[in-house]
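Visitor: Generate coordinates for the sequence data below:
(chains A, B, C and D)
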Protein chains: 2
Amino acid sequence: MDQITNPQAITRTSLHHELVGRLQTLIINADLEPGLKVPEKLLCDQFGVSRTPLREALKVLASDGLVRLEPNRGAWVTRVTIEEVEEVFPVLGALEALSGELACQNITDAEIDTVKDLHAQMMQSYGDSDLDAYFSINQKIHRAILLAARNGTLTSSCQALSLRMQRARYLANMTQGRWQEAVQEHERILEFLVARDGPNLARTLTGHMNSKRLSVVRWLQAEGAKRG
Amino acid sequence: MDQITNPQAITRTSLHHELVGRLQTLIINADLEPGLKVPEKLLCDQFGVSRTPLREALKVLASDGLVRLEPNRGAWVTRVTIEEVEEVFPVLGALEALSGELACQNITDAEIDTVKDLHAQMMQSYGDSDLDAYFSINQKIHRAILLAARNGTLTSSCQALSLRMQRARYLANMTQGRWQEAVQEHERILEFLVARDGPNLARTLTGHMNSKRLSVVRWLQAEGAKRG
DNA sequence: TGACTTAATTATGAATTCAAAATTACGCTG
DNA sequence: CAGCGTAATTTTGAATTCATAATTAAGTCA
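Guide: Residues are numbered from 1 along each chain as shown, chains lettered A, B, ... in the order given. I've put the predicted structure just below:
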């Protein structure tokens, strides 16, 4: 019964599954640059795997929209386009709204305390102008609400769409005005969550996503203009 | 330029992509029975392909929740559980609500006429007690609204979740009461769509999904009781 | 006979191989 | 030397092969 050789819990996960996660990380960190070709051979060497599991992973990523497969030409890292942002944020808005509704029905007091704590940390990061920390905690808050909704399907749907929006660095690019607005929205989010006011939380979350959409689109437009 | 040998448009699609579609069909038609193991070898013979593209397709289906991969044990067709239905229908409700909102903003008069026509056909099927035709047209109506929303991301998200709910035969199993209720809901859906009344259409669609959820859950419970 | 071990078989996961397509490099012609 | 066509190279998609894990079958002993 004892497994002497086992240093820690058995990470029995298939290669392709592991690769899906790794590649997602590479893509949202823009280590794999959007618009460029996925360097199949390089990645195989890098991860020490053969093409078979890597290609399996690429099919999955393609169905999630992180890469695009061109027949007989290989896989390409997809760019975040304005059209895509205009499509995805409304869907995320609807899903987050639902997560807010459900969270208000199911969240425990302890979980609310956790969110309060995260919120305070986030405000601290805002005060410190620490954008990286801010974003990291921000995500944790959204995720905490999502988990409190107790709906695994909702969680993975949101997760998949969020990933697509997390590519590129533009998220870390907010004007001071937008940052302040976002913080105010988050104040209301916390307020309605604590009050367990589902309808208002839902509305606020949808609005929050809408603001985010506008901000991202504006940034992409400016970026597009810069590059010509 | 002329391609003499080409009987119709070039269906240049990769094997794995083709297989994803075929397997989806097999699963939602329950040709691959839920709960059973995916017969890899049999399918390879059947489709005349090797294991490589088939396994690629299975990874994609797994990420969509149609099969479950057990490490070193193969792929299994997932069952529709009550828990899953309780999760998926609320998400579908939120997405359909959004599709209703957006459709009211973007649908053309011609498209509304198409929906009207489909609705009339559906009522005809109801009168004829032709459940198969009813369901087929019903899906076309929902899809028409979805397409009128002009949001491809929304379309594919809905599509993926709908597929999961289309497995098994229970959809073709409605009580007379539920059928009548569904028809009434569809009357209101058409009414609000024609009036381009987004908020009310959204509400009605969410309610429609909720009724569907209840009906399916009840049926699954009865089914579960029958089998012990 | 029935539980437990161990060997044979089968199926799985992943690496390798191979044919076909695409890309690049090269040379020819004007 | 620019543009075109052809050959060499590389890359891709998919079949095949191979090591390993899981399952089944056979055999042992109480």
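Visitor: Residue A:204: how many residues sit nearby?
Guide: Applying other C-beta atoms under 10 Å in any protein chain shown, we find 23 residues neighbouring residue A:204. Placement of C-beta: from N, CA and C, glycine included.
Visitor: what do you get for the one 10 residues further on?
Guide: By other C-beta under 10 Å, 14 other residues sit near residue A:214.
Visitor: Show me what from chain A comes close to DNA strand C.
Guide: A:14, A:15, A:16, A:48, A:49, A:50, A:51, A:52, A:53, A:71, A:72, A:73 (C-beta under 7 Å from any atom of the strand).
Visitor: what do you get if the cut-off is 10 Å, keeping everything else the same?
Guide: For chain A, the contact set with DNA strand C under C-beta under 10 Å from any atom of the strand comprises A:12-19, A:37, A:44, A:47-57, A:70-74.
Visitor: Go through these and flag which are in helices.
Guide: Applying DSSP state H to these, the entries found in helices are A:15-19, A:44, A:47, A:51-57.
Visitor: Buried ones among the residues of chain A next to DNA strand C?
Guide: Buried members of the residues of chain A next to DNA strand C, counted by 16 or more other C-beta atoms under 10 Å in any protein chain shown: A:14-17, A:19, A:44, A:47, A:49, A:53-57.
Visitor: before we move on, the earlier item: so which of the ones in helices among the residues of chain A next to DNA strand C reach chain B?
Guide: A:16, A:17, A:52, A:55, A:56, A:57 (C-beta under 8 Å from any C-beta of the partner chain).
Visitor: ok, so of those residues, who is nearest chain B?
Guide: residue A:56 (4.9 Å; C-beta to the nearest C-beta).
Visitor: For residue A:77, grab phi and psi.
Guide: phi -70, psi 130 (degrees, to the nearest 10).
Visitor: Same check on residue A:76?
Guide: phi -130, psi 140.
Visitor: what's across from it in the sheet?
Guide: residue A:37, residue A:68 (DSSP bridges).
Visitor: Pull the number of nearby residues for it.
Guide: When neighbours are defined as other C-beta under 10 Å, residue A:76 has 17 of them.
Visitor: what residues does chain A put near chain B?
Guide: Checking chain A against chain B by C-beta under 8 Å from any C-beta, the hits are A:12-14, A:16-17, A:20, A:52, A:55-57, A:59-60, A:63-65, A:69, A:71, A:84, A:87-88, A:90-91, A:93-95, A:97-98, A:102, A:151-154, A:157, A:161.
Visitor: show me where pLDDT drops low in chain A?
Guide: Chain A contains residues with pLDDT under 70 at A:1-12, A:168-172, A:227-228.
Visitor: Which parts of it belong to which domain?
Guide: A:15-77, A:82-227 (automatic domain parsing).
Visitor: so which residue of chain A comes closest to DNA strand D?
Guide: residue A:74 (2.7 Å; C-beta to the nearest atom of the strand).
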